[in-house]
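S.K.: Build me a model from this:
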Amino acid sequence: MSHFNLRVNRIRGAQTAFPLLRLRYWLVCLGLLVWTTLIISKLFWLQVLRHREFVEKAQKQQQHTFEVAPRRGVLYDRNLRELAMTVQADSVFAVPSEIDDKKTTVHELAQIVHIGSSGSPVDAWTSEDQIAARVNASRGFAWIARRLTPEAAAKVKALNLKGIYFQKEFQRFYPDSEVAAQVLGYVGLDDNGLGGMEQKFDSRLHGQPGRMYAAMDARRHVMGSTEREPEPGENLVLSIDEQIQFMAEKALDAAMERTHAANGTVVVQDVHTGQILALAIRPTFDPNDFRHTTPQLLRNHAVSDVYEPGSTFKLVTYASAIDQHVVTPDDKIDCQGGAITFNGRIIHDDKSDHYGVITVHEALEHSSDVAAVKLALKMGPDHFYQYIRSFGFGSRSGLELPGETRGLLRSPPKWGSTSIGSIAIGQEIGVTPLQLVSMVSTIANGGVYLAPHVVMPAAAPLTAHPFHAGEDLPDPLPADSHRVISTMSAAEMRKMMEGVVLYGTGRQAQLNGYSSGGKTGTAQKIDPVTHTYSKTMHVASFAGIAPINSPVIAVAVVLDDPKGGGVSYYGGAASAPVFAQVAQQTLEYLGVPHDIDLHPPHSQAKPSPGDIEPQQEHTGDVNALIAALNDLPSDDPLREAVDSARSAALSKTSPASNKTPTKEVAPAAIDPSPQNSETVAEVEKIAVPAAPPNTIQVPSLIGMPVRQVVEQVASAGLNLQVLGRGLVRSQEPPAGSPVQPGTEILVHCAR
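M.R.: Model prediction:
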């Protein structure tokens, strides 16, 4: 009985414990469910919601991303010679976590990458302190130096330093160094254009960058890399001819050395297309060594600076009057003994000029201010202003270079009572050398203004555009062209310009075997802060064309502040010889047939006292010209530069300064005012003596390769000495010189 009761009790106890077991079971299941839910939620949060974040962190830990610069497009000259190209160079970077002794490593690297071949520091970016700062600021990556020279890269590799690696990068290279530097510009470390064509067309030249991914292990060791190839930039063909550019720069270098000018500009233009064949600026810089350049060296004086043109602007006055049928070149005009009074102002010719009634073409040859004023008065301000605008003054030409100014030209309602007379002789107006050369090109091609261009039309594939002397204008005319004067008026002006060179102030612009014409100009610079003329600083200019009957090229030469060296600062003495050298060499290089007889070379005589007049008083309203700056758009470089000059001058003359106030010349520009006193002397035509018997005329060798030179000189019975390699840049004796058989001809060659 007791046993039975025990079993019953056990059964009853089990029945009582079973609900408790079930409760415990479900509690355990619930715990597992909650635990599983939390884990799944956490995993969802980590692997789904924050997936991208952790992937990016992993990538940063496991690899480093480099942006690979694309290959910039090539800048070619019109004959497809490379003016700017891209090559590969070694850049050095460090993985700081791998470097054991950072101080020693940085010091050794700085001794190589910071010191250039000249022994002087390259830049501040590669100094020992700068490198140390970058290395200490990162564990995974730090630049040491970029785009090293092959010599420097070899020295760094020879050190075999731990944690130092090399990366190939593209580097901009300019094969001709300083040639056309202001036209081409340069690029910075990040391959961005910083001047000239490189800046203007940066988006087209740059291309699309690529990517390089360098994989690293847990100890930050580089294990390998993959790349996404960049897309190269677009190539551009310029209208510049490398040979003509070289000739213009050499002539300008010689002029700068001869005259000690502050800066100089030479522009050569194809008169039948408006294309710029050469644009030379001095002083200049080497775009391959951009670290040592300055903003002033980058300035393109041909498009960004203005000056009062003085007597060169009389070409506009005379051309307008002839086209308006106010006068003809053979009409008589009374110069009134060299003085004219209108509206209370007296304008004088040179003190030595007391001309009475002379022909119009003689008045231009003698650069008579009185005659120019009379012609402008006969036309009236409105007609005269329209011609000035039609010649391209007072507006931007649209040349494909950055920093172009429109110049200074007020509309007739803003003219003073005597402004028409001042503008007629080149005062109260500011022009650029580019506008000046386009004006004479208009006269040269028959009276049609063609906007200047420095980029050739796009062609696919790239094609060369060798320059050939043309005689006809494009048909149809470009959209940005228009007729300014009639064909007959242009022909009459060309003959008058020839008279200036033969009998007037431009005699030193005569060529050998080619006719030429042009106009000289001499200007005194204006201080835009004090609104006064400098008595010691001038601008000498010459604008001309050649040959006269069938013009091929127009050349403008502007020298800022020529002084010293025993050379006069007048345009006829300082700038006209530069025109003669550039035009002579260019026409020979292009193979243009001679249109006049060759004559033996003769040295240019120094100007006699009768050729150089004393300075005259100024008739222009300087304040009105300076006020014209207020009409310039805010983005005009001239306004920006003059504002900077004013600020600099004010800071120097402020009460806080104890220094004596000084006059500041605008750093931007040739901002001169003219001294309209062009030299005139009655001269006889130079008789050309007959060549001695049994002599040989030296052939023209400019622009030829050495092999062709050897053949031509040998066939002429002459001997040859060659200096340098490449194409002939200059020769001695000059082409056309009579020499004895067997004479040695010296040629200078360069690539």
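S.K.: So Gly233 sits against Pro209, correct?
M.R.: No - distance between Gly233 and Pro209: 10.6 Å, which falls outside the contact criterion (CB atoms under 8 Å). Every residue, glycine included, has its C-beta placed from N, CA and C.
S.K.: Looking at these two, which one has more neighbours?
M.R.: Between Gly233 and Pro209, counted using other CB atoms under 10 Å, the more crowded position is Gly233 (21 against 13).
S.K.: Let me see the contact set for the more buried one.
M.R.: Contacts of Gly233 were listed using CB atoms under 8 Å, 6 or more residues apart in numbering, and they are 70-73, 204-207.
S.K.: Which parts of the biggest strand by length in the chain count as buried, going by neighbours?
M.R.: Here the longest strand in the chain is taken by residue count, with DSSP state E as the criterion, and it is strand 532-546. Of all the residues in strand 532-546, those buried under the rule 16 or more other CB atoms under 10 Å are 533-534, 537-546.
S.K.: what's the closest non-adjacent residue to Ala69?
M.R.: If you skip the residues right next to it in sequence, Ala69 has Asp191 as its closest partner in space, 4.5 Å away by CB to CB, 6 or more residues apart in numbering.
S.K.: Quick check: the one you found is in a helix.
M.R.: No - counting by DSSP: H, G, I helix; E, B strand; the rest coil, Asp191 is located in no helix; its state is coil.
S.K.: follow-up on the earlier one: does anything pack onto the longest strand of the chain? Which helices or strands?
M.R.: helix 433-444, helix 487-503, strand 517-527, strand 553-560, helix 571-574, helix 576-590, strand 672-674 (3 or more CB pairs under 8 Å, 6 or more residues apart in numbering; DSSP states H and E).
S.K.: now that strand: how far from the chain's centre is it?
M.R.: In terms of CA atoms, centre = their mean, to the nearest Å, the centre of strand 532-546 is set 21 Å apart from its chain centre.
S.K.: What of stretch 147-159?
M.R.: 33 Å.
S.K.: just stretch 382-397 next, same as before
M.R.: Centre to centre, stretch against its chain (CA atoms, centre = their mean), the figure for stretch 382-397 is 25 Å.
S.K.: hmm, who's touching it?
M.R.: With contacts defined as CB under 8 Å, 6+ apart, stretch 382-397 is touched by 316-317, 319-320, 323-324, 376, 379, 404-409, 411-412, 420, 423-424, 429, 431, 434-435, 438-439, 442, 449, 451-452, 482, 484-485.
S.K.: For ChimeraX, what selects the buried ones among these?
M.R.: Here is the ChimeraX command that picks out the buried ones among the contacts of stretch 382-397, judged by 16+ other CB under 10 Å:
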select :316,317,319,320,323,324,376,379,404,405,406,407,408,409,420,423,424,429,431,434,435,438,439,442,449,451,452,484,485
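S.K.: okay, now the residue nearest to Ala69: neighbour count?
M.R.: Around Asp191 sit 23 other residues, with neighbours defined as other CB under 10 Å.
S.K.: Same question for the one 10 residues further on.
M.R.: Look at Phe201: counted by other CB under 10 Å, it has 20 neighbours.
S.K.: unless I'm mixing things up, it is touching Leu238, no?
M.R.: No - distance between Phe201 and Leu238: 10.4 Å, which falls outside the contact criterion (CB under 8 Å).
S.K.: can you list residues touching both of these two?
M.R.: Taking CB under 8 Å, 6+ apart as the contact rule, Phe201 and Leu238 both touch Val455.
S.K.: Least confident secondary structure element in the chain?
M.R.: Sorting the helices and strands of the chain by mean pLDDT, DSSP states H and E puts strand 672-674 at the bottom, at a mean of 35.
S.K.: Using the three-state scheme, assign Leu30.
M.R.: In terms of secondary structure, Leu30 is helix; the call rests on three-state DSSP.
S.K.: what about it, how many neighbours?
M.R.: The burial count assigned to Leu30 is 10, neighbours taken as other CB under 10 Å.
S.K.: I'd like the distance between it and Ile39.
M.R.: In this structure, Leu30 and Ile39 are 15 Å apart, going by CB to CB, to the nearest Å.
S.K.: returning to what we had before: among the contacts of Gly233, which ones are buried?
M.R.: When burial is judged by neighbour count using 16+ other CB under 10 Å, the buried members of the contacts of Gly233 are 70-73, 205-207.
S.K.: As TSV, these with secondary structure and pLDDT would be great.
M.R.: TSV is the format used below for the buried ones among the contacts of Gly233 (DSSP: H, G, I helix; E, B strand; the rest coil; pLDDT from 0 to 100):
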residue	secondary structure	pLDDT
Pro70	coil	80
Arg71	coil	85
Arg72	coil	87
Gly73	coil	90
Leu205	helix	89
His206	helix	85
Gly207	coil	84
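S.K.: Overlap in contacts, Gly233 and Pro209.
M.R.: Common contacts of Gly233 and Pro209 (CB under 8 Å, 6+ apart): Pro70.
S.K.: Excluding sequence neighbours, find me the nearest residue to Gln581.
M.R.: Closest residue in space to Gln581, ignoring its immediate chain neighbours: Ala251 at 4.3 Å, by CB to CB, 6+ apart.
S.K.: Run the chain-centre distance for the helix or strand in which the one you found is found.
M.R.: Per DSSP states H and E: Ala251 is located in helix 242-259. How far helix 242-259 lies from its chain's middle: 15 Å, per CA atoms, centre = their mean.
S.K.: List the buried residues in that helix.
M.R.: If you call a residue buried by 16+ other CB under 10 Å, then helix 242-259 has these buried ones: 242-253, 255-256, 258-259.
S.K.: residue contacts, Met497?
M.R.: Met497 neighbours (CB under 8 Å, 6+ apart): 315, 364, 440, 443, 517-519, 544-545, 548.
S.K.: give me that answer again for 6 Å
M.R.: 517-518 (CB atoms under 6 Å, 6 or more residues apart in numbering).
S.K.: I'd like the distance between it and Ile333.
M.R.: With distances defined as CB to CB, the gap from Met497 to Ile333 amounts to 18 Å.
S.K.: ok, now Arg345?
M.R.: To Ile333, Arg345 is 20 Å away according to CB to CB.
S.K.: Over to Val739?
M.R.: As for Val739, its distance to Ile333 is 47 Å (criterion: CB to CB).
S.K.: So those two - more neighbours on which side?
M.R.: Comparing Val739 with Ile333 by neighbour count (other CB under 10 Å), the higher total belongs to Ile333, at 22 against 18.
S.K.: can you tell me which residues contact that one?
M.R.: 360, 363, 371.
S.K.: If we use 7 Å, what do you get?
M.R.: Applying CB atoms under 7 Å, 6 or more residues apart in numbering, we find Ile333 in contact with 327, 358, 360, 363, 371, 374.
S.K.: Asn549 now?
M.R.: With contact taken as CB under 7 Å, 6+ apart, Asn549 is in contact with 515, 595.
S.K.: Can you check the pLDDT for it?
M.R.: Here, the pLDDT recorded for Asn549 equals 88.
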